[in-house]
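1. Could you work out the structure for the sequence below:
(chains A and B)
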Protein chains: 2
Amino acid sequence: MSDVIPVPDQPADRGADDADLRAGTVDLLGAIAYGALTAFERLAQDGAGAPTLADKVTLATMAGRQVDHLERVRDRLAELGADLMGAMEPFHRAFDDFHAHTRPKDWLEGLMWVYVGSGFADDFYAEVAVHVDPETRALVDEVLSDAGHDDFVVEHVRAGIEADPRVAGRLALWGRRLAGEALSQAQRVAVDRVGLTRLLMGAEGVDVVAVNKSLSRLVEKHAARLRRLGLQP
Amino acid sequence: MSDVIPVPDQPADRGADDADLRAGTVDLLGAIAYGALTAFERLAQDGAGAPTLADKVTLATMAGRQVDHLERVRDRLAELGADLMGAMEPFHRAFDDFHAHTRPKDWLEGLMWVYVGSGFADDFYAEVAVHVDPETRALVDEVLSDAGHDDFVVEHVRAGIEADPRVAGRLALWGRRLAGEALSQAQRVAVDRVGLTRLLMGAEGVDVVAVNKSLSRLVEKHAARLRRLGLQP
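-> I've put the predicted structure just below:
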């Protein structure tokens, strides 16, 4: 994809672009870090209510993976001369609001929160990460492919629906609510954080078509996740 | 210390000792694993009530380290042909009771819970691990030296006492209660788990002097931890 980013001829322009790119990269890493912290807290809370000890251990390992991501992103931020706390700060509100507006009522809703919420966030990061430097890109790719909980969630939610088919309707609604809230928080972030939005759009300025294509991909991938759970998107 | 373990001359005796040693090793790893899971849950809960985001991140990384220990112990158990769930099972009651009987009332008590409780448990493991096979010993040594939260706790508790000297008395009492509860759970485990107790005593059978020496070391190390916090043991 790097060939679609025009390289400016003027050193002055290039300087500005580099600053944008750096700001966007720090934003991306800050969002991933705060998202990981949020997911860690959710998973730890879900684990406390897990039906079996084996589930508890699985949730703990999932939570531990989020901490691992947080630490690796913190190290990358340090390499870029940026501070973890500062980088996370612009994303408190979006993630905290998402957290506050989507409180799982039971174990299955909790699992879906992680799968649907983190899945959506990961897809968003992947859209943005196309344009960052190769080292950051490699880190983001690795972190996104390492969540390792999809199969566990799919298996448990499908088993839950099989055991009691009436929950399917409620969980489908829950999935839509999670996606709606995630989209609205993603939009807020896109409006607030120019650096991140520039990354999402490449260096060509506001490209409504490109942004819409990104959003369509996010929605399509969300629908695929719900279908995998056996739910109507 | 290996020269203090007498090696039996008879193959039959050696066979019995190997079985004891294996049972004790699996017990030790099971206790460490369940202790790590318990500490993970405590740290995650404490993190949710941390006064600053930086503290929250530190608590999350501490919790993540416990998950890492859990996973490495699980892998070692698998190498020994033992199952994580089965190995943890004998220790549910001791750890769950310790958990239930020692609920921190605030952030400082939570930090002390981790420092005093995990410190005590780690010292107990170290006493036992002297007699296990070198690979397990190396893993236990590494896990015990890797908790990485002592300085953080000491700094915060000392600052808390400096800010309000009246808390020192309450925290000292809390430290004594934690140690009392830990000792009583350790005694329960020692009585219930013959394999583990044999490890603690070497292969010479019940040696009250050796066990008492172990207990004295545990108590002395606990007192040193409290003194480091600026508290009367």
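2. Show me how far the helix or strand bottoming out on mean pLDDT in chain A is from its chain's centre.
-> Every helix and strand in chain A was compared by mean pLDDT, DSSP states H and E; the lowest is helix A:194-201, with a mean of 73. Offset of helix A:194-201 from its chain centre (C-alpha atoms, centre = their mean, to the nearest Å): 16 Å.
3. Counting by contacts, list what the helix or strand following it packs against.
-> As assigned by DSSP states H and E, the chain's next helix or strand after helix A:194-201 is helix A:208-228. Packed against helix A:208-228 by the contact rule (3 or more C-beta pairs under 8 Å, 6 or more residues apart in numbering or on different chains; DSSP states H and E) you find helix A:119-129, helix A:167-192, helix A:194-201. Backbone N, C-alpha and C define where each C-beta goes, glycine included.
4. Alpha carbons of the least confident helix or strand of chain A, in CSV - could you do that?
-> Provided in CSV are the C-alpha atoms of helix A:194-201 (Å, rounded to 0.1, in the frame of the first residue of the first chain):
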residue,chain,number,x,y,z
VAL,A,194,-6.4,14.7,13.2
GLY,A,195,-3.1,12.8,13.2
LEU,A,196,-4.9,9.4,13.4
THR,A,197,-7.4,10.4,10.8
ARG,A,198,-4.7,11.5,8.4
LEU,A,199,-3.1,8.1,8.8
LEU,A,200,-6.4,6.5,8.0
MET,A,201,-6.8,8.5,4.9
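5. which other helices and strands contact it?
-> helix A:11-48, helix A:119-129, helix A:167-192, helix A:208-228.
6. what about A:Leu111, how many neighbours?
-> By other C-beta atoms under 10 Å in any protein chain shown, the residues close to A:Leu111 number 27.
7. what does A:Glu181 give?
-> Residues contacting A:Glu181 under the criterion other C-beta under 10 Å number 19.
8. low-confidence ranges in chain A?
-> Across chain A, the ranges flagged by pLDDT under 70 are A:1-17, A:146-148, A:200-207.
9. which parts of chain A sit against chain B?
-> Within reach of chain B by C-beta under 8 Å from any C-beta of the partner chain, chain A has these residues: A:37, A:40-41, A:44-45, A:47-48, A:53-54, A:56-57, A:60-61, A:63-64, A:66-68, A:70-71, A:74, A:84-85, A:88, A:92.
10. Mind giving me the PyMOL command for buried ones among the residues you listed?
-> In PyMOL, this line selects whichever of these come out buried by 16 or more other C-beta atoms under 10 Å in any protein chain shown:
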select buried, chain A and resi 37+40+41+44+45+47+56+57+60+61+63+64+66+67+68+70+71+74+84+85+88
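11. Sitting in helices, which of the residues of chain A next to chain B do you find?
-> Judged by DSSP state H, helices contain the following of the residues of chain A next to chain B: A:37, A:40-41, A:44-45, A:47-48, A:53-54, A:56-57, A:60-61, A:63-64, A:66-68, A:70-71, A:74, A:84-85, A:88, A:92.
12. picking that back up, tell me which of the helices and strands packed on helix A:194-201 is the most buried.
-> helix A:119-129 (a mean of 22; mean count of other C-beta atoms under 10 Å in any protein chain shown).
13. which element follows that helix toward the C-terminus?
-> The C-terminal neighbour of helix A:119-129 among helices and strands, as given by DSSP H and E, is helix A:134-144.
14. helix/strand/coil for the residue nearest to A:Leu226 when sequence neighbours are not counted?
-> The spatial neighbour of A:Leu226 that comes closest, neighbours along the chain excluded (C-beta to C-beta, 6 or more residues apart in numbering or on different chains), is A:Pro233 at 4.3 Å. When classified by DSSP: H, G, I helix; E, B strand; the rest coil, A:Pro233 comes out as coil.
15. List the contacts of A:Pro233.
-> A:Ala172, A:Gly175, A:Arg176, A:His222, A:Ala223, A:Leu226, A:Arg227 (C-beta atoms under 8 Å, 6 or more residues apart in numbering or on different chains).
16. quick one on the thing from earlier: now for the helices and strands packed on helix A:208-228, which one comes closest to A:Gly24?
-> Across those, A:Gly24 has its closest neighbour in helix A:194-201 (3.7 Å, C-beta to C-beta).
17. From chain B, how far out is A:Ala50?
-> 11 Å (C-beta to the nearest C-beta, to the nearest Å).
18. Equivalent analysis for A:Asp55, please.
-> Relative to chain B, A:Asp55 is positioned 11 Å away (C-beta to the nearest C-beta).
19. tally of neighbours for that residue?
-> 17.
20. Likewise for the one 4 residues further on?
-> The burial count assigned to A:Leu59 is 27, neighbours taken as other C-beta under 10 Å.
21. That one: what's it in contact with?
-> Here A:Leu59 is in contact with A:Leu43, A:Ala44, A:Asp46, A:Gly47, A:Ala50 (C-beta under 8 Å, 6+ apart).
22. quick one: contacts for the residue most central in space within chain A?
-> Of all residues in chain A, the one closest to the mean position by C-alpha atoms, centre = their mean is A:Ala121, 1.8 Å from it. A:Ala121 makes contact with A:Ala31, A:Gly35, A:Ala182, according to C-beta under 8 Å, 6+ apart.
23. what do you get if the cut-off is 6 Å, keeping everything else the same?
-> A:Gly35 (C-beta atoms under 6 Å, 6 or more residues apart in numbering or on different chains).
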